[in-house]
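Novice: Make a model of this:
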Amino acid sequence: MMYRIDPRILIVQIIVSGACIFWIFSPVGMAVETAFLMGFLLYLRRPEEAVRLGLWFCFIVGLYALAIHLGVPQAIERPVFLLRKMSPLIGVILLSLKSMSVSELMAGLQKLRCPKSTSLALAIALRFIPTIRQELSQIKDAMRTRGVPLTLSTFLKAPALTAEYMLVPFMMRCVKVADELAAAAVTRAIENPAPRGMRIPMKIRIRDIFYLLLVVGSNLAALSCGRFALL
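Specialist: Predicted coordinates for the structure are as follows:
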């Protein structure tokens, strides 16, 4: 069972970690930040996501080192560099998607006096993002059934036609999912101006304060390691 951390603390962690990522420029600092994010995922009893984040970071760092060693053109090297730069951001996304539910996010943002429009937009985004993979998988299966497999060779033979077969049904499904989300929000009285009730009382405990101190300390350590590595 996952350890429950107050949603307000997790929201602060996402903001602080996301901001620190853009101030870390060295590979050492990014590695330290990724390691701390993996540790937080392990603490929240999410070992699969922690291992996935670590493997992805090792892969992208190795790919970037290989690109530098081979002297590939900048048109290839720059995207790989951006992927390496944004690798810790994947850990932040995993934290936001796996560590709390949408209801907890809404309650935490309400406690932090966040505007309702902002919290509603974030809640809809978190509801919609997990459906993208499912919708793409269904479209891929439908294309395979009709004899048009979505593979690299098919895309290279007819890129425009393959993109059309993929994007048109995906856009139509997005419109339908948006309508379903809007209907679900209205059913849950999202237009009610009164504050939302909470099934589970929110209270910051000693464990939450200790977790927040670890978050601040880990980000400061990552920033320090990145600065010393540049000197």
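
Novice: check which helix or strand covers the residue nearest the centre of the chain.
Specialist: By CA atoms, centre = their mean, the mean C-alpha position of the chain lies nearest to Ile93, the distance being 2.1 Å. For Ile93, the element it lies in under DSSP states H and E is helix 87-98.

Novice: And for Val61, the neighbour number?
Specialist: Neighbours of Val61 under the rule other CB atoms under 10 Å: 18. In short, each C-beta sits where N, CA and C put it, glycine included.

Novice: for the one 4 residues further on, same thing?
Specialist: Neighbour count of Ala65, defined by other CB under 10 Å: 13.

Novice: got a list of what it touches?
Specialist: If a contact means CB atoms under 8 Å, 6 or more residues apart in numbering, then Ala65 has no contacts.

Novice: What helix or strand is it located in?
Specialist: Going by DSSP H and E, Ala65 is part of helix 47-70.

Novice: pLDDT (mean, whole number) over the helix or strand just after that helix?
Specialist: Moving toward the C-terminus from helix 47-70, the next helix or strand (DSSP H and E) is helix 74-85. For helix 74-85, the mean per-residue pLDDT is 79.

Novice: buried residues in helix 74-85?
Specialist: Val80, Leu83, Arg84, Lys85 (16 or more other CB atoms under 10 Å).

Novice: who's in contact with it?
Specialist: Ile21, Pro27, Met30, Ile60, Val61, Leu63, Tyr64, Ala67, Ile68.

Novice: As PDB, could you dump the C-alpha coordinates of it?
Specialist: Coordinates of the C-alpha atoms in helix 74-85 are reproduced here as PDB (Å, rounded to 0.1, in the frame of the first residue of the first chain):
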ATOM      1  CA  GLN A  74      23.100  19.200 -34.600                       C
ATOM      2  CA  ALA A  75      19.700  18.400 -36.100                       C
ATOM      3  CA  ILE A  76      20.000  15.100 -34.400                       C
ATOM      4  CA  GLU A  77      22.100  16.000 -31.400                       C
ATOM      5  CA  ARG A  78      19.900  18.900 -30.200                       C
ATOM      6  CA  PRO A  79      16.700  16.800 -29.800                       C
ATOM      7  CA  VAL A  80      18.700  14.200 -27.900                       C
ATOM      8  CA  PHE A  81      20.100  16.900 -25.600                       C
ATOM      9  CA  LEU A  82      16.600  18.200 -25.000                       C
ATOM     10  CA  LEU A  83      15.400  14.700 -24.100                       C
ATOM     11  CA  ARG A  84      18.300  14.400 -21.600                       C
ATOM     12  CA  LYS A  85      17.500  17.800 -20.200                       C
END
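
Novice: and that helix, how far from the chain's centre?
Specialist: Taking CA atoms, centre = their mean, to the nearest Å, one finds the center of helix 74-85 at 19 Å from the center of the full chain.

Novice: ok, now stretch 150-161?
Specialist: With CA atoms, centre = their mean, you get 29 Å for stretch 150-161.

Novice: what's it in contact with?
Specialist: Ile139, Lys140, Met143, Arg144, Val148, Thr162, Ala163, Tyr165, Met166.

Novice: Thought Ser137 was touching the third one, still the case?
Specialist: No. With contacts counted by CB atoms under 8 Å, Met143 stays clear of Ser137, the gap being 10.9 Å.

Novice: any idea how far Pro130 is from Val177?
Specialist: Taking CB to CB, to the nearest Å as the measure, Val177 falls 11 Å from Pro130.

Novice: Between those two, tell me which one has more neighbours.
Specialist: Val177 (16 against 9).

Novice: list the contacts for the more buried one?
Specialist: Phe128, Thr131, Glu135.

Novice: The host helix or strand of it: what's the following helix or strand?
Specialist: According to DSSP H and E, Val177 maps onto helix 159-187. On the C-terminal side of helix 159-187, the nearest following helix or strand under DSSP H and E is helix 206-230.
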